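A.B. asks: generate a structure from the sequence data that follows.
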Amino acid sequence: MSESLTRCPWVDTSKPDYVAYHDLEWGVPMYEDIKIFEFLILESAQAGLSWYTILKKRENYREAFANFDPKVVATFDEAQVEQLMENAGIVRNRRKIEAAINNAQRFLEVQAEFGSFAEYIWGFVGGKPKANHIESLSDYPVTTKESDALAKDLKKRGFKFLGSTTIYAHMQATGMVNDHSIDCFRRAEILEAEADN
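C.D. replies: Predicted coordinates:
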């Protein structure tokens, strides 16, 4: 990864794993339910913590949460919650762990209703990514009317730990919005790839 490339202002270039996440994943439109579910679990775990903290624990989460398979996570019982509470590789917060199991159950309900979770969630941005005009850190929104609407609908459906701020971070990560700064090399690459689809 070239150090001469211009990246988003939030990227700590001293952390190679953070740079790789920005360069390869962040903001790339995601339409696979299993990946969307992974980011919902990770984003809800992040509440009150830094994203980098969660990124470093991602493989532990993958192992602890059945490769982010919502069908398996939805079946976790109290004994598995207790096991997870003993797992030093994840955030040991009972409410967040229980929320992940609850959200897996709600996720399956949405899949059953819409055919896929992607079909449901992408409907909140009209089915295609919104490209924002980000020049500096102060330009990044924390919430938007779309994240407000999505968070409200998720809450109505029984999802937990997914307020508007968390949902906006999810929308950024999964490419529902392209929040790469206008001088970031990834902005144009993602826009071009999406135009080719």
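A.B. asks: tell me where this protein has helices.
C.D. replies: Per DSSP state H, the chain carries helices over the ranges 16-24, 33-46, 51-56, 58-64, 70-73, 78-85, 94-114, 117-122, 145-156, 164-173, 185-196.
A.B. asks: can you redo the ones you listed as JSON lines with distance to Pro129?
C.D. replies: The C-beta positions use only the backbone N, C-alpha and C, and glycine is treated the same way. Below are the helices of the chain laid out as JSON lines (distance: least, Cβ to Cβ, whole Å):
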{"stretch": "helix 16-24", "distance to Pro129": "17"}
{"stretch": "helix 33-46", "distance to Pro129": "14"}
{"stretch": "helix 51-56", "distance to Pro129": "20"}
{"stretch": "helix 58-64", "distance to Pro129": "23"}
{"stretch": "helix 70-73", "distance to Pro129": "23"}
{"stretch": "helix 78-85", "distance to Pro129": "34"}
{"stretch": "helix 94-114", "distance to Pro129": "19"}
{"stretch": "helix 117-122", "distance to Pro129": "9"}
{"stretch": "helix 145-156", "distance to Pro129": "11"}
{"stretch": "helix 164-173", "distance to Pro129": "9"}
{"stretch": "helix 185-196", "distance to Pro129": "6"}
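A.B. asks: which one of those has the lowest average pLDDT?
C.D. replies: The stretch with the lowest mean pLDDT among the helices of the chain is helix 185-196, at a mean of 91.
A.B. asks: list the buried residues in that helix.
C.D. replies: 186-187, 190 (16 or more other Cβ atoms under 10 Å).
A.B. asks: what packs against it?
C.D. replies: Counting contacts by 3 or more Cβ pairs under 8 Å, 6 or more residues apart in numbering; DSSP states H and E, helix 185-196 is packed against strand 177-178.
A.B. asks: no more questions from me, cheers.
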